[in-house]
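Asks: quick one: sequence and predicted model below, then my questions.
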Amino acid sequence: MQIFELMKQSKSIVLTGHSIGGTIASLSTLYLLSYLQSISSPLTSVLCFTFGSPLLGNESLSRAILQERWGSNFCHVVSKHDIVPRLLLAPLSPLTPHLHSLLQYYHFSMKDLAVQNIQLLPNEMKNEIFLSVLAYAESSAKLEGGQRPGRESFWPFGSYVFCTNKGAICVDNEIAVVKLLHLMFSTASASSSIEDHLKYEEYVGKFLSWQFWKTGGLLEGEFLDYSSYEAGVRLALQSSEISSHEPAFEPAIQCLKTAKRMGRTPNLNSANLAIALSKITPLRAQVEWYKKTCDESDENRMGYYDTFKLRGASKRDAKVNMNRIKLARFWDDLIHMLDTNQLPHDFQKRAKFVNASHSYKLLFEPLDIAEYYRMGMHRVKGHYVKHGRERRYEIFDRWWRNRKVGNEENNKRSKFAGLTQDSCFWARVEEAREWTENIRSERDMRKLSMLLENIDKFEQYASGIVERKEVSTDVLAENSSYHLWVKEWGELKSQLQQFPPQFPGFFKGNVVP
């Protein structure tokens, strides 16, 4: 409840925790992110910083967090030798008797850091825990790209900051994180692995020290024989305190190179997508021209939705349908790249793609709806909104809701929109037409009342969106599905109004033709 009170007063919430407290902070952050998404609130940012926190979930949780683009909300600080963040890489059952003693030691030491005494823990116990965790950390670190850990294995998510006395390394690729958890731990001793869990205040104090940053640069002439890329990798390795004579040195270099290369890939993918987006612009322009000619046609007078739904075998209609399929493939491929973490973490906030996806949705989803009802899929799967809508449109809805909105968004329209602002409008019209048809044959009074209630809600919705000029002119075309429904419902309502006592309260609305 305190957090919800803070959310009313602040635009940013930061949760932190040390050890198991970090796990609680992570769980609380996940809950808040889910809650904010459920209420479509982009106004509050949530960040989580943990220090020496155990791993929280398996690879499925890690993947789900990546798909929701929440990885950047978590920063886990891990010291070089701390055993606690690595502890759950090993099965706990063989270590359970020792863990009680270890947790008790941490409990008393955290109460007063001045009185901690590592000698209270038997050497045999320390060695057994250390060697077991080291062995399983090494096993987990052998996974390569494309390989997945077991369902019961714990797995990292978010960004990891590995800190030492000489600096820190930040990594956000899970496989690189697991490799560094092992490589840095392999330079530890049984005692240092336990003691390091209590030194985060010391590490953070150093990071905040101006003297630390002033003296933490490269020595003069160091790394001059390397390229800037290689020097950057070795500088990061210097921060890890892994020396060149240690066995972990070369594997650590390869790990950092891989992490650096994979870190560049999302930005390269984003740049390539921007190029691909420009290449499909002519396909979109062809469909815009198709809409314009349909809306202005004096021949059928039914707009581009109904023209496409009732299309024949003309080359023009076939071309539009092919463009619809090609653009759907482009956006589905983009969503797949997003789901598999191949794009930058803030990709869904970039105006170029937010605006492009929204424009695509407004222009092309009516065509998808037309195809859905043209093929009779509503009789097989159910109506479009609940049973036929593609996932990409739901994702684009969320992007649009979460964008930064200016004051101009609240201005009233002086003319009808170029594209109907509810991309599911025609699907709602199709449902309303079926309800109207069902009323003619329904004899069950309870079902009839439900149908009338549904139509009443649609009537109010449609009147509102037309009056606010949030529809394109094709909606009001003489032979459009909406205009035909207005006529059908008007005639049927006149008949039903002859029996007002049986249907009170359903004839107050006015449909705007």
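Replies: Sure thing, it's come through. Given the structure is predicted, the values throughout are model-derived calculations rather than measurements.
Asks: got a list of what residue 349 touches?
Replies: 399, 402, 403 (Cβ atoms under 8 Å, 6 or more residues apart in numbering). The C-beta positions use only the backbone N, C-alpha and C, and glycine is treated the same way.
Asks: residue 358 touches residue 396, doesn't it?
Replies: Yes: using Cβ atoms under 8 Å, residue 358 is in contact with residue 396, at 6.2 Å.
Asks: middle-most residue in this protein, spatially?
Replies: What sits nearest the mean C-alpha location of the chain, by Cα atoms, centre = their mean, is residue 68, with 2.3 Å.
Asks: contacts only, for that residue.
Replies: Counted by Cβ under 8 Å, 6+ apart, residue 68 has contacts 33, 37.
Asks: quick check on it: phi, psi?
Replies: Dihedral pair for residue 68: phi -80, psi 0, per degrees, to the nearest 10.
Asks: can you give me the pLDDT of it?
Replies: pLDDT, residue 68: 83.
Asks: residue 358 and residue 396: which has the busier surroundings?
Replies: Each of residue 358 and residue 396 has its neighbours counted (other Cβ atoms under 10 Å); residue 396 has more, 25 against 18.
Asks: give me the phi and psi for the closest residue to that one other than its chain neighbours.
Replies: Using Cβ to Cβ, 6 or more residues apart in numbering and skipping the chain neighbours, the partner closest in space to residue 396 is residue 357 (4.3 Å). With angles defined as degrees, to the nearest 10, residue 357 sits at phi -70, psi -40.
Asks: what's the spacing between residue 357 and residue 326?
Replies: In this view, residue 357 and residue 326 are 15 Å apart by Cβ to Cβ, to the nearest Å.
Asks: and the two? Which one has more around it.
Replies: More neighbours surround residue 357 than the other of residue 357 and residue 326, with 22 against 11 (other Cβ under 10 Å).
Asks: what are the boundaries of the strands in the stretch 51-200 of the chain?
Replies: Ranges of strands within the stretch 51-200 of the chain are 57-58, 74-79, 154-155, 159-163, 168-171, based on DSSP state E, counting those that start in this stretch.
Asks: quick one: buried residues of stretch 317-337?
Replies: 320, 321, 323, 324, 327, 328, 330, 331, 334, 335, 337 (16 or more other Cβ atoms under 10 Å).
Asks: before we move on, back to that, return the closest of the contacts of residue 349 with respect to residue 96.
Replies: residue 402 (44.6 Å; Cβ to Cβ).
Asks: doesn't residue 36 make contact with the closest one?
Replies: No: the criterion here is Cβ under 8 Å, and residue 402 misses it with residue 36 at 9.6 Å.
Asks: what residues are up against residue 135?
Replies: So residue 135 contacts residue 90 (Cβ under 8 Å, 6+ apart).
Asks: which pLDDT value belongs to it?
Replies: 94.
Asks: and the pLDDT at residue 408?
Replies: 56.
Asks: show the average pLDDT along stretch 84-97.
Replies: 90.
Asks: show me which residues of it are buried.
Replies: 84, 85, 86, 87, 88, 89, 90, 95.
Asks: okay, now the domains of the protein?
Replies: 2-216, 267-403+415-502 (automatic domain parsing).
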